[in-house]
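Peer 1: fold the following, please.
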Amino acid sequence: MEKFIFLFGPQAVGKMTVGQELASITGLKLFHNHMTIDLLEPLYGFSPEMWRLTHLFRREIFHSFSKSEHYGMIFTKIWYFDKKEDWDEIEYMCNIFSSQGVEIYFVELEADVDERLIRNKTTHRLEHKPTKRNIEQSEQHLLSTLENRRLNSIKGEIKTKNYMRINNTNLDAMEVARMIKKEFSL
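Peer 2: Predicted coordinates for the structure are as follows:
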């Protein structure tokens with residue numbers, strides 16, 4: 001049966017890197033959120049039109065992929081728990097996959113802010129995410145969301161059957177990927 005792994009957490013927590021490692025040991029395809037953002041931002045900037053197209057592209061990719069013969073997909077994104085639009089978008093995304101009989105798994109990552117600030121500047125992150133190369137702007141966004149947004153769930157808030165939360169402050173990405181693979185028998 002096809003699998004959909006939704007990997008979420010705050011900026012620079014390691015979603016893409018863990019997703020890359022998980023893809024390498026499972027055969028799942030990685031679709032990280034910056035694949036659409038970095039495609040559209042050079043054309044539209046961070047404008048309402050860029051975000052509209054980003055959501056449209058993602059939905060179309062989800063629809064197409066959910067009907068494919070692939071083993072499954074890993075999708076990474078920040079979940080703003082204090083924004084109803086994010087809850088609605090995640091429900092919509094999951095409904096696309098569940099309507100095709102795809103098994104859905106939620107993996108929440110969390111890490112200390114000091115570690116996230118270090119990860120925010122890594123060569124690997126900057127190589128794969130062009131819009132993060134303005135370190136000052138990226139760091140400012142990371143720090144401002146600590147005060148203005150909630151990027152991790154409250155205990156018991158996520159009701160999904162297949163759910164795990166990992167504090168990966170002191171874990172490398174492959175170790176986290178192995179934990180996910182084992183937990184969900186991927």
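Peer 1: apart from its chain neighbours, what residue comes closest to residue 97?
Peer 2: Once flanking residues are discounted, residue 97 sits nearest to residue 4: 4.3 Å by CB to CB, 6 or more residues apart in numbering. Heads up, the C-betas are built off the backbone N, CA and C, glycines and all.
Peer 1: identify the bridge partners of the one you found.
Peer 2: Taking DSSP bridges as the rule, residue 4 bridges to residue 73, residue 104.
Peer 1: any chance you could map the strands in the chain?
Peer 2: Secondary structure of the chain (DSSP state E): strands located at 3-8, 29-32, 72-77, 103-110, 163-167.
Peer 1: and the second one, what does it pack onto?
Peer 2: When contacts are defined as 3 or more CB pairs under 8 Å, 6 or more residues apart in numbering; DSSP states H and E, strand 29-32 sits against helix 15-26, helix 48-66, strand 72-77.
Peer 1: quick one: the shortest one to helix 15-26, angle?
Peer 2: Using axes from the mean of the first three to the mean of the last three CA atoms, to 10 degrees, the direction of strand 72-77 lies 170 degrees away from that of helix 15-26.
Peer 1: which other residues reach strand 72-77?
Peer 2: Contact partners of strand 72-77, identified using CB atoms under 8 Å, 6 or more residues apart in numbering, comprise 2-8, 15-16, 19, 22-23, 26, 28-33, 62, 65, 93, 102-103.
Peer 1: what is the neighbour count of the residue nearest to residue 55 when sequence neighbours are not counted?
Peer 2: The spatially closest residue to residue 55, leaving aside those adjacent along the chain, is residue 89, at 7.0 Å (CB to CB, 6+ apart). For residue 89, the count of nearby residues is 17 (other CB atoms under 10 Å).
Peer 1: how about residue 8?
Peer 2: When counting by other CB under 10 Å, one arrives at 24 neighbours for residue 8.
Peer 1: quick check, it in contact with residue 15.
Peer 2: Yes. Contact criterion CB atoms under 8 Å: residue 8 and residue 15 qualify, at 6.8 Å.
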